[in-house]
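Colleague: Based on what follows, work out the 3D shape:
(one chain, ligands or ions: 1)
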Amino acid sequence: MTYVAGFTSTGSKRPEALFGSGASGMPRRMIRSSGCRVWDEAGREYLDYIMALGAVALGYAHPAVVRAAVAAVEQGGIGPLPPVLEEEVAEVLCRRISALERVRFLKTGAEAVAAAVRLARVATGREAVLGCGYHGWLDWCQGADAAGVPAGIRALYGEIPFNDPARTRERIRAAGDRLAAVVMEPVILRPPDPQWLAVVREETARIGALLIVDEIKTVCRLGLGGGCERYGIKPDLVVLGKAIANGFPLAAVGGRAEVMELVTRTWISSTLATESVALAAAKATLAVVDEAGVPAHITATGGRLLEGFRTLAARHAGVVVGVAGIPEMCHLEYRDEPLSGRVAAACAERGLLLKRGAYNFVSLAHDPATVDRSLAILDDALSAVSRSA
Ligand SMILES: Cc1ncc(COP(=O)(O)O)c(C=O)c1O
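Modeller: Numbering: from 1, shown residues only. You can find the predicted model right below:
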């Protein structure tokens with residue numbers, strides 16, 4: 001019996017998403033997380049690479065973040081006026097991320113991308129939007145098969161193909177002066193080609209559309225400033241989420257001052273957007289990201305994981321066909337969908353939680369020895385699945 005319709009409110013945490021539809025006896029709900037470890041409702045411990053779907057870059061319950069959040073709760077957490085912390089966290093983000101001159105906080109990634117799209121529509125007086133990647137569940141970015149989304153809304157949204165400069169140019173030119181914005185993830189299974197990035201930037205500028213970079217998964221990982229920092233992208237607006245508050249609910253939209261000031265011409269507002277617990281968590285998180293060199297740690301440790309994935313892909317070619325992603329976010333590619341579920345289940349039986357598709361994430365709490373131990377578990381799980389395949 002579950003009282004939550006569809007088992008959970010977070011789609012990618014459904015048992016069938018994690019382990020495939022055939023798996024039984026898998027962990028379904030958890031009670032605790034710490035560092036890179038998770039305990040399920042039966043008290044069983046797991047090493048984790050799902051990291052709250054990338055929402056945690058320092059490790060679960062990082063002491064500095066917990067202390068900051070507890071202190072904010074004790075200070076009341078919320079009230080009738082915006083907290084000083086809102087301006088402080090905004091100042092840190094604007095100082096550290098070159099594309100940001102002004103920011104605005106919200107609670108979820110989907111909300112923040114929707115806010116960026118709203119601002120682009122106000123700025124340009126246009127309605128069409130082209131996207132590239134996943135941008136959340138809200139109406140503006142759903143495809144033709146999304147039930148419950150009005151056809152008129154769906155008609156305003158299209159997609160551009162990642163790393164395909166010719167077709168991207170074609171699609172942007174076809175949208176022409178109806179296009180308000182291109183919204184893109186900087187990494188989709190592989191890094192962006194410079195030539196594709198140049199086309200996206202040049203073509204949007206040429207027709208007067210805004211370029212919005214969705215850094216929800218990449219912020220605090222590829223660099224504090226995410227993919228824009230690493231790949232030299234010059235966006236008009238940036239959307240941040242997930243790891244900026246190490247798992248506390250906070251997202252942000254920011255960018256050029258004259259675009260951001262347009263918030264006064266529309267309505268972007270949320271009662272809990274400026275509660276101070278998540279803002280305090282974000283302030284502490286951003287300090288640790290800098291002080292502990294978190295992106296460098298994630299790149300090195302994730303690189304070890306990715307190398308290990310490559311070795312295991314070669315060793316277990318009957319089950320695994322390749323590896324996708326970059327050190328900071330990667331996964332194995334399986335011969336077929338049922339096999340991917342069987343590997344995830346075999347890993348979970350051995351105390352390892354691994355995502356079977358995009359993406360696995362390491363954090364500051366993952367060290368080389370943990371990665372090596374995890375790869376040994378994965379090796380054993382792949383051998384077991386190979387034997388029974
Ligand atoms: C790139 C990207 N954009 C937007 C979202 C939506 O964020 P949220 O689930 O916090 O609404 C996600 C979530 O996975 C994401 O990865």
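
Colleague: How about the residue in the chain that the ligand sits nearest to, nearest residue that isn't a chain neighbour?
Modeller: The minimum distance from the chain to the ligand, using C-beta to the nearest ligand atom, falls at G109 (2.3 Å). (Each C-beta comes from the backbone N, C-alpha and C, glycine too.) Distances taken as C-beta to C-beta, 6 or more residues apart in numbering place G241 nearest to G109, at 3.6 Å, with adjacent residues excluded.

Colleague: gap between that neighbour and V253?
Modeller: Distance of G241 to V253, computed by C-beta to C-beta, to the nearest Å: 10 Å.

Colleague: shared neighbours, the two?
Modeller: Residues touching both G241 and V253 (C-beta atoms under 8 Å, 6 or more residues apart in numbering) are A112.

Colleague: pLDDT below threshold where in the protein?
Modeller: Within the chain, the ranges that satisfy pLDDT under 70 run 1.

Colleague: which residues of it fall in strands?
Modeller: Here the chain has its strands, by DSSP state E, at 30-34, 37-40, 45-48, 102-106, 128-132, 157-159, 179-184, 210-214, 237-240, 251-255, 320-326, 329-334, 352-353.

Colleague: got a list of contacts for the fifth one?
Modeller: Contacts with strand 128-132, where a contact means C-beta under 8 Å, 6+ apart, come from 117, 120, 140-141, 156-162, 171-172, 175, 178-185, 188.

Colleague: mind listing what that strand pairs with, with the direction of each?
Modeller: strand 157-159 (parallel), strand 179-184 (parallel) (DSSP bridges).

Colleague: quick one, it and strand 210-214 angle?
Modeller: On the basis of axes from the mean of the first three to the mean of the last three C-alpha atoms, to 10 degrees, strand 128-132 is oriented at 40 degrees to strand 210-214.

Colleague: And the ligand, is strand 128-132 touching that?
Modeller: No - on the criterion C-beta under 6 Å from any ligand atom, strand 128-132 is out of touch with the ligand, staying 9.7 Å away.

Colleague: what are the C-alpha coordinates of that strand, in PDB please?
Modeller: Provided in PDB are the C-alpha atoms of strand 128-132 (Å, rounded to 0.1, in the frame of the first residue of the first chain):
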ATOM      1  CA  ALA A 128       8.700  30.700 -29.000                       C
ATOM      2  CA  VAL A 129      11.400  28.800 -27.100                       C
ATOM      3  CA  LEU A 130      13.900  26.200 -28.200                       C
ATOM      4  CA  GLY A 131      15.300  23.900 -25.500                       C
ATOM      5  CA  CYS A 132      18.100  21.300 -25.300                       C
END
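
Colleague: Could you pick out the residues of the stretch 51-200 of the chain near the ligand for me?
Modeller: Residues of the stretch 51-200 of the chain lying near the ligand (C-beta under 6 Å from any ligand atom): 53, 108-110, 113, 133-136, 185.

Colleague: Leaving out chain neighbours, which residue sits closest to the spatially most central residue of the chain?
Modeller: Centroid-nearest residue in the chain: K217, 2.4 Å away (criterion: C-alpha atoms, centre = their mean). Of all residues beyond its chain neighbours, the one nearest K217 is G54 (4.8 Å), with distances taken as C-beta to C-beta, 6+ apart.

Colleague: quick revisit: so which of the strands paired with strand 128-132 is the most packed in?
Modeller: A comparison of the strands paired with strand 128-132 by mean neighbour count, using mean count of other C-beta atoms under 10 Å, puts strand 179-184 on top with a mean of 26.

Colleague: And for that one, what's in contact with it?
Modeller: Contacts for strand 179-184 (C-beta under 8 Å, 6+ apart): 113, 116-117, 120-121, 123-124, 126-133, 135, 141, 160, 162, 172, 200, 204, 207, 209-214, 236-237.

Colleague: Recalculate using a threshold of 6 Å.
Modeller: 120-121, 124, 126, 128-132, 135, 200, 204, 209-212, 214 (C-beta atoms under 6 Å, 6 or more residues apart in numbering).

Colleague: No more questions from me, cheers.
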